[in-house]
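[1] coords please:
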Amino acid sequence: MKKILLAAAATFALMTGVANAADSRLNTALERGKLLCSGHNGSFLGFAEVDDKGNWKGMDIDLCRGLAASLFGSSEGNLEIVPISWAQRWPSLQSGDIDVVIKLSGWTQSRDTELNLAYSNPYFVGAFHVMAHAELEAKSVADLDGGSICVSAGTSTERILAAYLENNGIEAEIIVFEKGDEVKAAYFNQRCDGLILFSPPLAATKATAENPDAHVILPDVLALEPEAIIVPEGDPKWLDVQNWMLSSLWFAEINGITQANIDEVRANPPSSQIGKFLGVTPGYGERLGLSDDWAYNLIKEVGNYAEIFERNVSGPYGLPRAMNNLYTNGGVFYPLVVD
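    Below is the predicted model:
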């Protein structure tokens, strides 16, 4: 009887796995012929920016482009950036309006346990800071006691700010806005004394202000947060694609493979491992349900991680990579093993 039950359980697990694979967002996107990826309902400097002609750029956008290239060979005609607010991320993912959330989204316990979300390995780690008007002469967040701080609705930033103020006994009013552009406009129009953002967009906001010297980023680190790609829970096939895309960006960087030299490296791979990585020999794509040259298409489209970071974050806004470096340069990131 015990053997029968074990066999039945194994059969059920196998059938469930097959069903999950068939229902994967990977298959949905491939059958549609287009990836639906999260954008922003405004501009989030360094990560998701859109110009007046509707052209998108930013680190998150490049990851969307890279993912589309991994699936289809190129993002051209195969990627739709769907503008959504912070609060719309989860219902849009759950309803199928988007296939994946790549929107500088933090890994928190409530999201992990209550919203049926699954997280990739982090692709960015950063700090939260508050910027204040220099005329207030604030030296720390505590100096904003009795004042007000602007924040975006539906974000972990809002909770981080509330927790920091409570934990430190600071009585500051939290003023919430739906759109990121509205938050920044309110701050610059003196509707609040401080503005809290993740360090990259905060640095970019200060750098692009009409008078950068009129604002000061306070030294308090309210929290560190790892940012990850988010997919629906129970879709390990789709999650694997996200993790191996990120790993491939770091693998390319650590091996000196760039957007400019990838064709040369592919024509003369220095090792069998790199040959497999670039699809010269089979194996790197089949296990994921992708073509074997998917990583080649990824790097050809957007470059390696260093190129993405430089193009979108450190180049335009001067933010150093710091802990977002590879482990070989004192950072926290490393590629997984290609075998």
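[2] helix or strand: which one has the residue lying closest to Gln273 once chain neighbours are set aside?
    Sequence neighbours aside, Val338 is the residue nearest to Gln273 in space, at 5.3 Å (criterion: C-beta to C-beta, 6 or more residues apart in numbering). Using the backbone N, CA and C atoms, a C-beta is placed for each residue, glycine as well. Using DSSP states H and E, Val338 maps to neither a helix nor a strand.
[3] check contacts around Val338.
    Contact partners of Val338, counting by C-beta atoms under 8 Å, 6 or more residues apart in numbering, are 251, 273, 276-277, 284.
[4] of all these, which comes closest to Gly77?
    Minimum separation from Gly77 among the contacts of Val338 (C-beta to C-beta) is found for Tyr284, which lies at 24.5 Å.
[5] turn the contacts of Val338 into TSV, columns for distance to Leu298 and pLDDT.
    Formatted as TSV, those follow (distance: C-beta to C-beta, whole Å; pLDDT from 0 to 100):
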residue	distance to Leu298	pLDDT
Phe251	10	98
Gln273	17	98
Lys276	15	98
Phe277	10	98
Tyr284	11	97
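[6] which of the residues you listed fall within helices?
    251, 273, 276-277 (DSSP state H).
[7] export those residues as TSV, with columns for distance to Lys206.
    Listed next are the ones in helices among the contacts of Val338 as TSV, based on distance: C-beta to C-beta, whole Å:
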residue	distance to Lys206
Phe251	34
Gln273	43
Lys276	45
Phe277	39
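[8] most neighbours among the residues you listed, please name it.
    Phe277 (27 neighbours; other C-beta atoms under 10 Å).
[9] what's the pLDDT at the residue nearest to that residue when sequence neighbours are not counted?
    Leaving aside its sequence neighbours, Phe277 sits nearest to Val338 (C-beta to C-beta, 6+ apart; 5.1 Å). Note on Val338: pLDDT of 96.
[10] next: Leu30.
    For Leu30, the predicted pLDDT is 98.
[11] what do you get for the one 3 residues further on?
    Model confidence at Gly33, given as pLDDT, is 97.
[12] for it, which residues are in contact?
    Taking C-beta under 8 Å, 6+ apart, we find Gly33 in contact with 72, 78.
[13] distance check, it against Glu301.
    Per C-beta to C-beta, to the nearest Å, Gly33 is found 17 Å from Glu301.
[14] quick check: Asp181 vs Gly106, distance?
    With distances taken as C-beta to C-beta, Asp181 is found 20 Å from Gly106.
[15] higher neighbour count, those two?
    Counted by other C-beta under 10 Å, Asp181 and Gly106 do not tie: Gly106 has more neighbours, with 24 against 15.
[16] quickly list what the more buried one is bridged to.
    Beta-bridge pairing for Gly106 (DSSP bridges): Glu227.
[17] that one contacts Phe128, doesn't it?
    No. Gly106 lies out of contact with Phe128 (C-beta atoms under 8 Å); the separation is 9.5 Å.
[18] and Ile229, its phi and psi?
    Reported as degrees, to the nearest 10, the phi and psi values for Ile229 are phi -80, psi 140.
[19] quick one, grab the pLDDT at it.
    98.
[20] got it, and Ala22?
    59.
[21] straight-line length of stretch 263-282, end to end?
    17 Å (C-alpha to C-alpha, to the nearest Å).
[22] right, I mislabeled it, should have said stretch 323-339
    Termini of stretch 323-339 sit 27 Å apart (C-alpha to C-alpha).
[23] again, but for stretch 306-326
    9 Å.
[24] what does stretch 70-81 give?
    Termini of stretch 70-81 sit 16 Å apart (C-alpha to C-alpha).
[25] next, the buried residues of stretch 51-66.
    Neighbour counts over stretch 51-66 (16 or more other C-beta atoms under 10 Å) mark 56-66 as buried.
[26] what of stretch 143-160?
    Buried residues in stretch 143-160, defined by neighbour count with 16+ other C-beta under 10 Å: 143-144, 147, 149-153, 155-158, 160.
[27] for that stretch, measure first residue to last.
    Calculated as C-alpha to C-alpha, the first-to-last residue distance of stretch 143-160 is 18 Å.
[28] ok, stretch 109-123 next?
    Stretch 109-123 has its terminal residues 18 Å apart, counting by C-alpha to C-alpha.
[29] contacts for it, please.
    63, 90, 93-94, 107, 156, 226-236, 239, 242-243, 246-247, 332.
[30] again with stretch 309-321
    Stretch 309-321 has contacts (C-beta under 8 Å, 6+ apart) with 45-47, 57-59, 62, 199-200, 203-204, 207, 303, 306, 324, 329, 331.
[31] quick one: low-confidence ranges for the chain?
    Low-confidence segments of the chain (pLDDT under 70): 1-22.
[32] ok, back up a step: could you dump the buried residues of stretch 143-160 to TSV with distance to Ala186 and secondary structure?
    Formatted as TSV, these follow (distance: C-beta to C-beta, whole Å; DSSP: H, G, I helix; E, B strand; the rest coil):
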residue	distance to Ala186	secondary structure
Asp143	20	helix
Leu144	15	helix
Gly147	13	coil
Ile149	11	strand
Cys150	5	strand
Val151	10	strand
Ser152	11	strand
Ala153	12	coil
Thr155	15	coil
Ser156	20	helix
Thr157	15	helix
Glu158	14	helix
Ile160	19	helix
